[in-house]
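> give me a model of this one.
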Amino acid sequence: MMTQGTSARATKPALELLRAAVGPRARWTGKLRRVGSTLAAWGRIMGHERGLATRLEPLLAHGLIDQTPTRLQLVIGSIDMVRFWISPAAADYYQQQGISFAFHQVLRLLDDPGAMLDPVGFFVDRDAVIGHLLQVVHANPVYDVQLLSTHPDGLDALEAQTRAMIDGTHERAESIGAIVEEPDYHARLLAFVQAYRDDPAAPPPVRSNIQGHFDVLERTFGTLPTAMRYFSRLPTDLAGAVCHLRTVTTFPEHLAEPAEAVARRE
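Next comes the predicted model:
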């Protein structure tokens, strides 16, 4: 268990962190198997429009999305989410923390390579989403918590595994501990999950570097409904998609979630 005010990521030498992230040899086969299953899920879902519709049906049924992107929009949107939101906001955070973002990515890759193949979380199982939430100090955990709410016992499992991280009994406690820099992150996450279960509109623990720097991006990509609305505004034809990826090099704010839309939900 991590002591108050410290974390293995902030105090242990790099080689020790690498060894912890790799984990015992007995888990390597499982890591590779999850890579294969994630790639296979991409193939099944993206191979046919009905495959994507089937994956989105639980999100629609739970009222978590009101617009469904096409397969092409999902691909472009995933790329935009990474290049405009996830990576820049994370790089800024780790720079503030005085931690190498590149080394952070190496540790994540060694701990769970399969989870890094799916930025939207549609192609991995429940425990991969939970592992990702536990592994990374999230800019905003709402998107992933909403996604887990559509899995059978998803929030129960998230709460149980977060508690296990806090008390040091989680089977990946050492490898995840080699990655997470803030020793109180899991306690904050647990408090939010409990609050979310009582009220899905409960305010999330937004990461310290977001407010004032990444507000528009967090408003657009921080929840499932807003992210899918952005995806659905993207080009639907191949030529338009290629043009978008080649010419749009900064976040297109005209496609962002309007501030007044967020205000109406509050």
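
> quick one, longest helix in this protein?
helix 28-46 (DSSP state H).

> packing partners for it?
Here helix 28-46 touches helix 49-61, helix 71-80, going by 3 or more Cβ pairs under 8 Å, 6 or more residues apart in numbering; DSSP states H and E. C-beta coordinates here come from the backbone N, C-alpha and C atoms, glycine included.

> mean pLDDT lowest where, among the ones you listed?
Of all the helices and strands packed on helix 28-46, mean pLDDT reaches its minimum on helix 49-61 (a mean of 80).

> got the buried residues for it?
For helix 49-61, the neighbour count (16 or more other Cβ atoms under 10 Å) marks 51, 52, 55, 56, 59 as buried.

> check which helices and strands it sits against.
In terms of contacts (3+ Cβ pairs under 8 Å, 6+ apart), helix 49-61 is packed against helix 28-46, helix 71-80.

> quick one, which of the helices and strands packed on helix 28-46 gets closest to residue 204.
Residue 204 sits nearest to helix 49-61 of all these, at 18.4 Å, using Cβ to Cβ.

> for the closest one, C-alpha coordinates in CSV please.
The C-alpha trace of helix 49-61 is given here as CSV (Å, rounded to 0.1, in the frame of the first residue of the first chain):
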residue,chain,number,x,y,z
GLU,A,49,-22.1,-1.4,-39.8
ARG,A,50,-24.4,-3.7,-37.8
GLY,A,51,-21.4,-4.6,-35.6
LEU,A,52,-21.0,-1.0,-34.5
ALA,A,53,-24.8,-0.6,-34.0
THR,A,54,-24.8,-3.7,-31.8
ARG,A,55,-22.1,-2.2,-29.6
LEU,A,56,-23.8,1.2,-29.4
GLU,A,57,-27.2,-0.3,-28.5
PRO,A,58,-26.5,-0.5,-24.7
LEU,A,59,-25.4,3.1,-24.7
LEU,A,60,-28.6,4.2,-26.4
ALA,A,61,-30.7,2.0,-24.1
